[in-house]
Each structure stands twice: as C-alpha cells, then as structure tokens.
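**Student:** Mind looking at a prediction? Sequence and model below.
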Amino acid sequence: MNILILGSGGREHSLAWAVLQNPKCDRLIVAPGNAGIADIAECATGLDIMNPGAVVTFAEQEAIDFVIIGPEAPLAAGVAERLREAGVLTFGPSMAAAQLEASKHFTKEVCDACNAPTAAYGHFTNAAAARDYVTAQGAPIVIKADGLAAGKGVIIAETIPQAHDAIDDMFGGAFGGAGAEVVIEEFMQGEEASLFVLCDGENILSIGTAQDHKRVGEGDNGPNTGGMGAYSPAPVVTPEIEARAMDEIVRPTIAEMARRGTPFQGILYAGLMIEDGQPRLVEYNVRFGDPEAQVLMMRLGAQALDLMHAAAEGRLDQTGVTWAEDHALCVVMAADGYPGDYAKGSVIGGLDDCPADSFHMVFHAGTAKKDGKITAAGGRVLGVTARGASLREAADRAYGMVDRIDWPQGFCRRDIGWRAL
Ligand code: AMP
Ligand code: GLY
C-alpha cells in the first residue's frame, strides 16, 4: 500500500512510526511532516492539507491507496469526503460527521437525541441571554465557544462575574467566529480520562484509554496547554466504566449519526468525566489526541494500520485488537515560555543518544533541521515516549531519555502519570 498521512505534529510522527512497522506499507508520504518524520518517511512539505482539491490531486499523482488524516482542521474542511468521492480510501470523518468536534452545540444536540449522559447546558447566540442564564445557574460554571478554537475556547468560571466576563469576551470576538455561539455547561466533578474508539460508520471498536495532563505545571497547576504528557491505559477507566461509556455514550452517538445520514468513520476520542462509577461525556474529538496518539501507537504498533484500514473499509465487525499487558507514557518537552510566548531556533542535542526501538521513541512535534542540527520550531517540541511492563517502568524509561536530551531552553513536567503511579 502507498500511504499518505496528513499533519505535522507528534501525533503524526507516531502514526507514521506505527504504519512503517507494518509490512503492508510499501511507501509512506507525510504532508507536511516535520524534521523527525523526515528521518523515517518522505515529507511533502509543499502540500496545502486544508485544500481538498490539492490533496485529491496529490493522492492521484502519487498513486496513494490509503490516506490517514491526523488533525481536525482538514476534516472540518471536508478533505476526507473529497478523497472518498475521488475513490481514494480514507481514514477520517466527513465534514458533517466532524461536527462532533467542530461544534459543541451540535454534540450536545446529538447527546440529547440519544440520551448520552453529559453536563446540562444552554446554547446562546447573544450575550444578554447567556448572562441571564449564568445568573440563574450560579457558579462554578463552564463557558465554551461553540466552534474550533485550538483548545482554548473553554473557560471554567469560578464566580458569576468571571463567567460574565468570559461571555463578553466570546461574543466580543476573542475567539473569532468560533465564539459567535456559546454553550454554557454545568461544571462536572470527577476524574477525566479519554477513550479512543474506532468507528466504521456502523461498528465500533475500543482501541484503548489514556489520560492527558493539560496544565503546564506539576501537580496540574498553571495555564492550560495542548497536553504536557499522557499515559495509557488509564486505570480510572475500569472495564465496567469502559463498557458503560461504550454502551451509554459512544454506541448511541454512532447510531444517531448513522440515523441522520452522516455516519462517523474514523477515530472518535471521547473525553469522559468519571464520578462514582458513572462516565459522562465532556467532549468529542474526531481525531487522535496529541500526545495521546503517541502512547496508543506505541502500544498498538504495526496493527494500528490494519485497524485504521478495517475502519475505512467498514470491516470493524471482523476485527479485534491484540493487547499486550503493557503501559506507555509520553513526556512532552516544550520550549521555555510555552503556552505563552516562546523563542524558536534553539539547538537540541543528545537525541542520537536516545534509543529508538519498539519500547523507546522520541517523537518530534515542533522541530526543524538547520545545518544538520535539530532545532526547536514550536511550543510543544518533543514527545519522549516509552513502553514497559508497568507504568513505573514506562515512566523510568521515558525520563531516562529526557535526561539524555541536552536542551537548556526546554522544559518538561517531571510528574507525568502521577495519578496512576
Ligand atoms: P474541552 O475543550 O471541551 O475538552 O474542555 C477543556 C477542558 O475543560 C476539559 O478537558 C475539562 O478539563 C474542562 N471541562 C470542559 N467542560 C467541563 C465541564 N462541563 N465540567 C468540568 N470541566 C470541564
Ligand atoms: N491532548 C488533547 C488533544 O489532543 O485534544
């Protein structure tokens, strides 16, 4: 198979790494890719992955048999269905099905229609009505921009004045078009975890759980980030809770999407809040998480390609996951200053001293190569990932690699996995 992966982050590096272990992969191109991906695959740096026509033309020119779409933006732009219309087998939902991530209000309506447990909410198109709702509900309360806001459109307001400020900011354009509509939700207590479910439009197959660390600081303090580290499996998701989440949330959602004539095919990432054994939906994403993909790919290895291929071909009912009793953990190394302003261009040393095998991998998220040296080119820069028989072993291996990396302008959290360790 000739395979094209769209995207340029640590998620896409880990997808490429897993795909390449499968002998069914003859040729792999990643567009646009990054400096780490360029070490293992061809990178099509010039392809505009937000342009469906350009992606179709490229896939035809390169005789691509299978496309895997990493990030949400090209999915929301309709790249997946344009590829399928052109006869190119593609992993990822249509624009209509990607609404499960692109519109919070859409997801709430789907949950209402299929009785999936989630936070109570209101949906607003003007600030005055939203402010009145908050005054009536009280705080804490959660204010969300409806559309895609690069993970920044959620404000947890501790007080009513904070909530009113957040509403004014959103309707004032702080999140651009994403904030033209606002969803206001009940604040849910509990522990968060993520469940990753492959869907082929009709059938569903869980491929594992993970927990992310959204806050920049140790002990889960400080501002929110895209994710400072992850581990899999998440012990808070017991088999009973996973079964409830599949039966009460994911399966009804997939059935509702099919009923509407917009079946969901791809990976559904269900963000769950778990309290007293009851999972409730926080949000859906329609793609792998970053850095959750890094730990899932390290655990799945070569079978990840077969699983995504089966989802794209509608064969998930005949497919299963072969699990090892293992654990994986990813430590994100970020540039000093992230998630605020940070500098680019600092040189990262020591990468050649890190092992690269089925238990260890430094995935690149935001790097570039200059004069033969790897340099930082983003906020989140590396995903230092390891696998082991226990979470402790995985953590020790990952931090062992972190300690070999010589990058004075970078930092990481030293406590990834603390809830489970
Ligand atoms: P989201 O972008 O929807 O994942 O929201 C970002 C983060 O905000 C989530 O990972 C949760 O930690 C938190 N969050 C979102 N909605 C709620 C809610 N209704 N109750 C409590 N926390 C929430
Ligand atoms: N790590 C969170 C996300 O990918 O959305």
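**Tutor:** Looks like it arrived, so ask away. Ligands and ions are numbered 1, 2, ... in the order given.

**Student:** So which other helices or strands are in contact with the host helix or strand of residue 54?
**Tutor:** Assigned by DSSP states H and E, residue 54 falls within helix 52-61. Judged by 3 or more CB pairs under 8 Å, 6 or more residues apart in numbering; DSSP states H and E, helix 52-61 is in contact with strand 2-7, helix 79-85. For glycine as for every other residue, the C-beta is placed from the backbone atoms N, C-alpha and C.

**Student:** Give the next helix or strand downstream of the lengthiest helix in the chain.
**Tutor:** If you go by DSSP state H, the chain has its longest helix at helix 391-404. Next helix or strand after helix 391-404 toward the C-terminus (DSSP H and E): strand 410-411.

**Student:** Now do the longest helix of the chain: everything it contacts.
**Tutor:** 231, 326-331, 333, 350, 353-355, 359-360, 362, 384-388, 412, 414, 416-417, 420-421 (CB atoms under 8 Å, 6 or more residues apart in numbering).

**Student:** so which of the helices and strands packed on helix 52-61 is the most packed in?
**Tutor:** Ranked by mean neighbour count under mean count of other CB atoms under 10 Å, those are led by strand 2-7, which reaches a mean of 25.

**Student:** Can you list the helices and strands that it packs against?
**Tutor:** helix 10-20, strand 27-32, helix 52-61, strand 66-69.

**Student:** re earlier: then the helix holding residue 54 to PDB, C-alphas only?
**Tutor:** Listed next in PDB are the C-alpha coordinates belonging to helix 52-61 (Å, rounded to 0.1, in the frame of the first residue of the first chain):
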ATOM      1  CA  PRO A  52      -9.300  19.300  -0.600                       C
ATOM      2  CA  GLY A  53      -8.700  19.700  -4.300                       C
ATOM      3  CA  ALA A  54      -5.000  19.900  -3.900                       C
ATOM      4  CA  VAL A  55      -4.900  16.800  -1.600                       C
ATOM      5  CA  VAL A  56      -7.000  14.800  -4.100                       C
ATOM      6  CA  THR A  57      -4.700  15.800  -7.000                       C
ATOM      7  CA  PHE A  58      -1.600  14.900  -5.000                       C
ATOM      8  CA  ALA A  59      -3.100  11.500  -3.900                       C
ATOM      9  CA  GLU A  60      -3.900  10.700  -7.600                       C
ATOM     10  CA  GLN A  61      -0.400  11.800  -8.800                       C
END
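
**Student:** Compute the inter-axis angle for it and strand 2-7.
**Tutor:** Helix 52-61 and strand 2-7 are oriented at 150 degrees to each other (axes from the mean of the first three to the mean of the last three CA atoms, to 10 degrees).

**Student:** Can you list the buried residues in helix 52-61?
**Tutor:** Using 16 or more other CB atoms under 10 Å as the burial criterion, the residues of helix 52-61 that qualify are 52, 55-56, 58-59.

**Student:** If we check ligand 1, which of the residues you listed are in contact?
**Tutor:** Filtering the buried residues of helix 52-61 for proximity to ligand 1 by CB under 6 Å from any ligand atom leaves nothing.

**Student:** okay, those residues in a markdown table with pLDDT next?
**Tutor:** Listed next are the buried residues of helix 52-61 as a markdown table, based on pLDDT from 0 to 100:
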| residue | pLDDT |
| --- | --- |
| 52 | 98 |
| 55 | 98 |
| 56 | 98 |
| 58 | 98 |
| 59 | 98 |
